[in-house]
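[1] build the 3D model from these lines:
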Amino acid sequence: MKSWPQRIVVLALLGGLVLALLWFQGIIGRHEYVQASIPAGQAVAATTRTQTVQRERITDLRVYPGFVEAVDPATLAARVMGTVVELRAREGDRVAAGEIVATLDDRDARAQLAQARAALDAAGARALQSQLALDRIVALGESDAITAQDLEGAQAARDAGRAQEVAAEQAVAEAETALTWFQLAAPFDGRVLERQAEAGDLALPGRALLTLYRGDRLRLRLAVPEQLVAGLEPGADLHVDFDGLPSRSARLARILPPADAMTGTVIVHLDLEPSGDLRPGAMGRVGLAVGEREALLIPAAAVERIGQVQRVGLVREGRIQSVTVRIGKRIGERVEVLDGLAAGEQVVLP
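    Below you'll find the predicted structure:
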């Protein structure tokens, strides 16, 4: 049987445990904070400009992404087999029409040209020799010292010499033309879109070495749902937005006939105005009308952005209160309010 001192110690421990639990739960020892009153908003001054939140019917736009691509890019490919000696341009570099941008090893072609020129010199010498022989026979023919058979033979030799000389001239022209195939020139003023080879690579006939494009010949390739294509007409102006670049208008140039059976979309081409800030591959967004809907609209200037938070000054009972709102699409100089305001309320303008 426990003695009284032991019972007192046990009771003290239990009491301490209960008090600790009550303190942790904040039932005892809790400090009561005095709730501070929220200061009232700034009073509306006589010079304060306000605008009423309006509910209007707007065109419902659905945004579709597209990508900039070059119109009729030029692919420079080798016509003969040879080692790439030099490529003088890389992606993004400017090139001028007629500028040599790629060179192949042409030592064999130069040797063939030298052989063709030597053959031409030999053919010319033979043609001259046959002509001189014919002249002598003709001179002797006046004295009846030669026969008709000798004259005909000399004329045939002269004609054969001339034919061989002409053939040699054509062989030289062909060799000179073939030599030009070892240098590739830019067909127009533009930029390098893609570089498909490096120095030392073996170029094969038809293998692309460089792809060029014209900066003033760009378009936006856009996939549009089939049900929206019926409302599009070539020649229509559409608005295109680019990330980090100014928005611009583009003309609907072409609606391609086939539809993608997997996605149910049709490809359309929008011609872009010449601009130095666009490159092939840039993504643009086009809004297409899919109907109408109601929306709350306020001036875009009334919205204050602090980081990711959007706030407006709202007039209530003669005072200005800062309220958080959720903003949707921008429509001209106004923005759509998705949450935080109601029609008929007044917002403060800067």
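[2] any low-confidence regions in this protein?
    Along the chain, the parts satisfying pLDDT under 70 run over 1-7, 9-10, 21-41, 141-145.
[3] got the domain boundaries for this structure?
    1-29, 50-58+294-348, 62-71+215-292, 73-100+184-213, 106-181 (automatic domain parsing).
[4] need these in JSON lines (columns: mean neighbour count and distance to residue 42).
    Where you see a C-beta, it was placed from the backbone N, CA and C, and this is true even at glycine. Putting those into JSON lines (neighbours: other C-beta atoms under 10 Å; distance: least, C-beta to C-beta, whole Å) gives the following:
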{"stretch": "domain 1-29", "mean neighbour count": "10", "distance to residue 42": "38"}
{"stretch": "domain 50-58+294-348", "mean neighbour count": "15", "distance to residue 42": "5"}
{"stretch": "domain 62-71+215-292", "mean neighbour count": "15", "distance to residue 42": "36"}
{"stretch": "domain 73-100+184-213", "mean neighbour count": "16", "distance to residue 42": "54"}
{"stretch": "domain 106-181", "mean neighbour count": "15", "distance to residue 42": "80"}
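[5] would you reformat these as TSV and include distance to residue 44?
    TSV is the format used below for the domains of the chain (distance: least, C-beta to C-beta, whole Å):
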stretch	distance to residue 44
domain 1-29	43
domain 50-58+294-348	6
domain 62-71+215-292	35
domain 73-100+184-213	56
domain 106-181	81
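[6] which one of those lies nearest to residue 43?
    Nearest to residue 43, of all the domains of the chain, is domain 50-58+294-348, at 5.6 Å by C-beta to C-beta.
[7] start to end distance for the closest one?
    Criterion C-alpha to C-alpha, to the nearest Å; first-to-last residue distance in domain 50-58+294-348 is 4 Å.
[8] distance from the chain centre to it, please.
    On the basis of C-alpha atoms, centre = their mean, to the nearest Å, domain 50-58+294-348 is displaced by 36 Å from the centre of the chain it belongs to.
[9] just the strands in the stretch 1-150 of the chain please.
    Ranges of strands within the stretch 1-150 of the chain are 42-43, 50-52, 54-70, 74-77, 82-87, 94-95, 100-104, based on DSSP state E, counting those that start in this stretch.
[10] dump the ones you listed to JSON lines, plus distance to residue 343.
    Formatted as JSON lines, these follow (distance: least, C-beta to C-beta, whole Å):
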{"stretch": "strand 42-43", "distance to residue 343": "24"}
{"stretch": "strand 50-52", "distance to residue 343": "8"}
{"stretch": "strand 54-70", "distance to residue 343": "4"}
{"stretch": "strand 74-77", "distance to residue 343": "57"}
{"stretch": "strand 82-87", "distance to residue 343": "64"}
{"stretch": "strand 94-95", "distance to residue 343": "55"}
{"stretch": "strand 100-104", "distance to residue 343": "63"}
